[in-house]
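Asker: What would the 3D arrangement of this be:
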Amino acid sequence: MNVADVFLLIVRWVHLVSAAAWVGGSIFYLVVLRPAQRRSAADATDATKSVFAGAATEFRALVDTCIFVLLVTGIILTLNRLTPGVVGVPYVAVLGVKIALSVWMFVLARGRRRRTPLMEAYAERSGPPQTRLGQAVHAVSGYNSLVILGITVFLVSDLLKVLFELALSR
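Answerer: Predicted coordinates:
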């Protein structure tokens, strides 16, 4: 194993850790933190509100770091896979899908930041959707879409690994 191999191993590891931290943190937020916040909203003290606000601020910083790391390591990994000329069109097509899904995630994450407390105060609040279609759309929108996209990107990453290994075996 030479220095370049060690460097690529570290880059892959950092890429994976960043993706796992973002997606795993998003799942924790969605499944644990958000429901706890909703349950405590009615009788929340200032201390409780500040804990949730602090958690959101820290998670936002984590997401920003993860986005930066994923962009840098993703570029390095993409160049490493594409430059030898081993991979074919299917690999490049799936890589394009992964990049598009990742960019969509970045845009959604940045777009959620643009909401200010004033915008939230005047946001139209409606009850839960009544139709099945409305419930389905609600389930895959908002923050849920980030988690769904993140899990999908992990799946596409595994597909890329399989395609790369197939290309090497030919």
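
Asker: Output the lowest mean pLDDT helix or strand found in the protein.
Answerer: Here the helix or strand of the chain ranked lowest by mean pLDDT, DSSP states H and E is helix 117-121, holding a mean of 50.

Asker: nearest residue to the one residue sitting closest to the centre of the chain other than its sequence neighbours?
Answerer: Residue closest to the mean C-alpha point of the chain, counted by C-alpha atoms, centre = their mean, is Gly150 at 4.2 Å. The spatial neighbour of Gly150 that comes closest, neighbours along the chain excluded (C-beta to C-beta, 6 or more residues apart in numbering), is Val23 at 3.6 Å. No exception for glycine: its C-beta is placed from N, CA and C like everyone else's.

Asker: do the same with Val147
Answerer: Ser26 (4.9 Å).

Asker: From the contact counts, what lies against the helix or strand hosting that neighbour?
Answerer: Ser26 is part of helix 3-28, with elements assigned from DSSP states H and E. Applying 3 or more C-beta pairs under 8 Å, 6 or more residues apart in numbering; DSSP states H and E, one finds that helix 3-28 contacts helix 46-82, helix 143-169.

Asker: With distance to Phe7 as extra columns, can I get those in CSV?
Answerer: Below are the helices and strands packed on helix 3-28 laid out as CSV (distance: least, C-beta to C-beta, whole Å):
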stretch, distance to Phe7
helix 46-82, 9
helix 143-169, 18
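
Asker: and Asp5, which of those helices is closest to it?
Answerer: When those are compared by C-beta to C-beta, helix 46-82 sits nearest Asp5, at 10.5 Å.

Asker: Rebuild the helices and strands packed on helix 3-28 as a markdown table, extending it with mean pLDDT.
Answerer: Formatted as a markdown table, the helices and strands packed on helix 3-28 follow (pLDDT from 0 to 100):
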| stretch | mean pLDDT |
| --- | --- |
| helix 46-82 | 90 |
| helix 143-169 | 92 |
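
Asker: who touches the residue nearest to Val147 in this structure?
Answerer: Counting by C-beta atoms under 8 Å, 6 or more residues apart in numbering, Ser26 touches Tyr143, Leu146, Val147, Gly150.

Asker: of the residues you listed, closest to Val31?
Answerer: Here the nearest of the contacts of Ser26 to Val31, counting by C-beta to C-beta, is Val147; it sits at 8.9 Å.

Asker: can you count the residues close to that closest one?
Answerer: Val147 is flanked by 19 other residues according to other C-beta atoms under 10 Å.

Asker: correct me, but the residue nearest to Gly150 touches Thr152?
Answerer: No: counting by C-beta atoms under 8 Å, Val23 stays clear of Thr152, with 10.0 Å between them.

Asker: Who has more neighbours out of the two?
Answerer: A direct count of neighbours by other C-beta under 10 Å for Val23 and Thr152 places Val23 higher, at 20 against 16.
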